[in-house]
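Enquirer: fold the following and give me the result.
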Amino acid sequence: MTTPSELLITARWVLRGPRGLRLPHGGVLLRDSVVAAVGPAAEVAAMAGPAATRLVYPHGTVLPGFVDGHVHLSLDGGEDPVDALLRSGPAALEAGVAERARLLLSTGVTTVRDLGDRADAAVRLRDEISAGALPGPRILAASAPLTPPGGHCWFLGGEVSGDQEILAKVRRNAAAGADVIKVMASGGYITAGGAEMRESQFDERQLGLIVAEAGRFGLPVAAHAHGIASIVAAANAGVRTVEHCLWLDEDDRVTRPEKHVRALAEQGIAACCTVSGHDWRRKVETEGEAAARAFYGRIGWMHERGVPLIVGTDAGIHAAVFDDFVGTLELYEWLGFSAEAIVELATAESARLLGIGDRTGQLTPGYRADLVVVDGDPLTDLSALRAVRLVVANGRSRAPAGLPPEAGR
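Expert: Okay, the predicted model is just below:
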């Protein structure tokens, strides 16, 4: 359904996004695709016109739409997503990315960063969603990630060899409409026969070329990097974000190098430590809590040392599904982050670090109409975020399947 010219939503709680901005018995007025007013319910209601649609959630919470900073819409999240991708034709690919975007939206995710697609599928979907032709979140698309011949995710079409091909691929992605340039600075486990996760695929000079060329088009660079050497090279080259950020040493051990993490923090380079709800719970069950905390504890360790964090699910790889964003947030709860900090990370902070914090991630007048309504209070019970009742993305509202948007009146 399309949001009318005015939509007034009142609820038991309104969370503005940044920590501490919590309103009891609050209201949000949307006018076309923009937040027009936020405040006490009675005051905001008085600003709404007589024709405004009014939705009341007496036990619910309104908060900004979620930001998933790392997904792959071209991959299906199944047993062998790479094989499935290589066997799918253009029509199946188009249908698949659209359905996965719809699933993300149904969980309250209103912005995603797609960090590697095939045949610019995510770029085209971004434009269709923006035009209102299909439902889905705002997409920041990277197109095909740069990788050496046969390197990690070569099957997405971004293979490059030598400086000229590197520069040409950056220009090609920019011309195709990319919002960000992605580079596979290290290997990864889903690519058979490719570099090991700890191994670097580009040196610091080459990464610097990519950053400089992307900068000519005003585009940030996101670097997939698991190994210490690849993370350090990417940071020295000036990338905007480091994806995964395991800090693997030469023996494939997850480490915590103080000197290097301080450098990341000093440069303001964000880490998107991707994890799915399935993966972290499986690790706890199969390896024990101590091993899981040693592995995932690096997230809190980086946060304590001032490294900015972006929430990302890596949806699309094996068992990383598109309808369990909250499963990822529950890892942060397990690690000891407060519910208020988690909501901020998933909304205002991730939006800021992706360079769109001036238009989304907060319920602030003048910002885009991106929000989610849930039953209950997520600051006292994070699982309330699973009870989605309404999602508004860029001014277009949708209720989860089978649930009328008026639910909660």
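Enquirer: the bottom helix or strand of the chain by mean pLDDT?
Expert: Least confident helix or strand of the chain, by mean pLDDT, DSSP states H and E, is strand 396-398 with a mean of 88.
Enquirer: now it: buried residues?
Expert: Neighbour counts over strand 396-398 (16 or more other Cβ atoms under 10 Å) mark Arg396, Ser397, Arg398 as buried. All C-beta atoms are positioned from the backbone trio N, CA, C, and that covers glycine.
Enquirer: the helices in the stretch 101-250 of the chain, which residues?
Expert: 121-130, 163-176, 204-216, 228-237 (DSSP state H, counting those that start in this stretch).
Enquirer: return the alpha-carbon coordinates of the second one using PDB.
Expert: In PDB, the C-alpha atoms belonging to helix 163-176 read as follows (Å, rounded to 0.1, in the frame of the first residue of the first chain):
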ATOM      1  CA  ASP A 163      46.800  -1.500 -12.500                       C
ATOM      2  CA  GLN A 164      45.000  -0.600 -15.700                       C
ATOM      3  CA  GLU A 165      42.300  -3.300 -15.200                       C
ATOM      4  CA  ILE A 166      42.000  -2.100 -11.600                       C
ATOM      5  CA  LEU A 167      41.400   1.400 -12.600                       C
ATOM      6  CA  ALA A 168      39.100   0.400 -15.500                       C
ATOM      7  CA  LYS A 169      36.900  -1.700 -13.200                       C
ATOM      8  CA  VAL A 170      36.500   1.100 -10.700                       C
ATOM      9  CA  ARG A 171      35.400   3.400 -13.600                       C
ATOM     10  CA  ARG A 172      33.100   0.800 -14.900                       C
ATOM     11  CA  ASN A 173      31.400   0.300 -11.600                       C
ATOM     12  CA  ALA A 174      31.000   4.000 -11.100                       C
ATOM     13  CA  ALA A 175      29.500   4.400 -14.600                       C
ATOM     14  CA  ALA A 176      27.100   1.500 -13.800                       C
END
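Enquirer: just checking, what packs against that helix?
Expert: Judged by 3 or more Cβ pairs under 8 Å, 6 or more residues apart in numbering; DSSP states H and E, helix 163-176 is in contact with strand 181-184, helix 204-216.
Enquirer: residues in contact with that helix?
Expert: If you take Cβ atoms under 8 Å, 6 or more residues apart in numbering as the criterion, helix 163-176 is touched by 120, 123, 142-144, 146, 158, 160, 181, 206, 209-210, 213-214, 217, 219.
Enquirer: which helix or strand contains the nearest residue in space to Leu329 that is not next to it in sequence?
Expert: Among residues not flanking Leu329 along the chain, Ile342 sits closest, at 5.3 Å (Cβ to Cβ, 6 or more residues apart in numbering). Ile342 belongs to helix 339-344 when assigned by DSSP states H and E.
Enquirer: and that helix, what does it pack against?
Expert: Contacts defined by 3+ Cβ pairs under 8 Å, 6+ apart place helix 339-344 against helix 325-334.
Enquirer: for the helix it packs on, give the mean pLDDT please.
Expert: Mean pLDDT, computed over helix 325-334, is 98.
Enquirer: tell me the secondary structure for the spatially most distant residue from the centre of the chain?
Expert: Most distant from the centre of the chain: Pro50, at 37.3 Å, with distances by Cα atoms, centre = their mean. The three-state label given to Pro50 by DSSP: H, G, I helix; E, B strand; the rest coil is coil.
Enquirer: could you measure from it over to Ser5?
Expert: Going from Pro50 to Ser5 by Cβ to Cβ, to the nearest Å gives 12 Å.
Enquirer: equivalent analysis for Gly268, please.
Expert: According to Cβ to Cβ, Gly268 and Ser5 sit 40 Å apart.
Enquirer: before we move on, what about His70?
Expert: His70 is 35 Å from Ser5, by Cβ to Cβ.
Enquirer: quick check, Gly277 in contact with Leu331.
Expert: Yes. With contact taken as Cβ atoms under 8 Å, Gly277 and Leu331 are classed as touching, separated by 7.3 Å.
Enquirer: tell me which of the two has more neighbours.
Expert: With neighbours defined as other Cβ atoms under 10 Å, Gly277 and Leu331 compare such that Leu331 has more, 23 against 19.
Enquirer: can you count the residues close to the nearest residue to the more buried one once chain neighbours are set aside?
Expert: Distances taken as Cβ to Cβ, 6+ apart put Trp280 closest to Leu331, at 4.6 Å, once the chain neighbours are dropped. By the criterion of other Cβ under 10 Å, Trp280 has 20 neighbours.
Enquirer: what helix or strand does Trp280 sit in?
Expert: Counting by DSSP H and E, Trp280 is part of helix 277-287.
Enquirer: state the mean pLDDT of that helix.
Expert: 97.
Enquirer: contacts for it, please.
Expert: For helix 277-287, the external contacting residues (Cβ under 8 Å, 6+ apart) are 291-292, 295-296, 313, 319-321, 324, 326-328, 330-331, 334.
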